[in-house]
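Peer 1: I would like to see how this sequence folds:
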Amino acid sequence: MAALFAQDRVKIAGRFPKLEDELCSYCGAGRSPNLLDAMVWAPSDLMAGEQFTGMIEYYRALCEQDARGWSFSNQRQAAADVALRAPDGLTALYSITRRMVSIPLNGVINLSQEEATPLVMTGWQMAD
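Peer 2: So this is what the prediction gives:
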């Protein structure tokens, strides 16, 4: 995971002062702090594919259900492109469908409704 952060393949969006304190204070001895563990395991689970299902898949399904207003099932909504403006500084995105999207210089990316919904829920803006 450290290598992925060093290569800028994983980024943390937002401000997390408690996580930052744990990252700065942990020196490798003893049990690792809770937020540090979450920072490592969440991207690992998301990037590992179908072999790791459970909590991440459960919360993803809840977000989809909330955003779409229907119960989660094997039925998928038809893909419709949604144009979003990426936050400054991002060069790539791993979507909820495990697809890597390169972000162009203008910052506008086209995603399916399924990929765009969780990003809009976290504050990403629709492109003009």
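Peer 1: Phe5 is in what secondary structure piece?
Peer 2: Assigned by DSSP states H and E, Phe5 belongs to helix 2-6.
Peer 1: The protein: helices as residue ranges?
Peer 2: Applying DSSP state H to the chain gives helices spanning 2-6, 17-25, 34-48, 55-68, 113-121.
Peer 1: Of all those helices, which one is nearest Ala92?
Peer 2: Checking the helices of the chain against Ala92 by CB to CB gives helix 2-6 as the closest, at 11.2 Å. Just so you know, the C-beta spots here come from the backbone N, C-alpha and C atoms, and that holds for glycine as well.
Peer 1: Could you export the closest one as PDB, keeping only the C-alpha atoms?
Peer 2: The C-alpha atoms that make up helix 2-6 are tabulated as PDB, following Å, rounded to 0.1, in the frame of the first residue of the first chain:
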ATOM      1  CA  ALA A   2       2.900   2.400   0.800                       C
ATOM      2  CA  ALA A   3       4.200   1.900  -2.800                       C
ATOM      3  CA  LEU A   4       0.800   2.800  -4.200                       C
ATOM      4  CA  PHE A   5       0.800   6.100  -2.200                       C
ATOM      5  CA  ALA A   6       4.300   6.800  -3.300                       C
END
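Peer 1: Centre of the chain to that helix, how far?
Peer 2: Relative to its parent chain, helix 2-6 has a centroid offset of 16 Å by CA atoms, centre = their mean, to the nearest Å.
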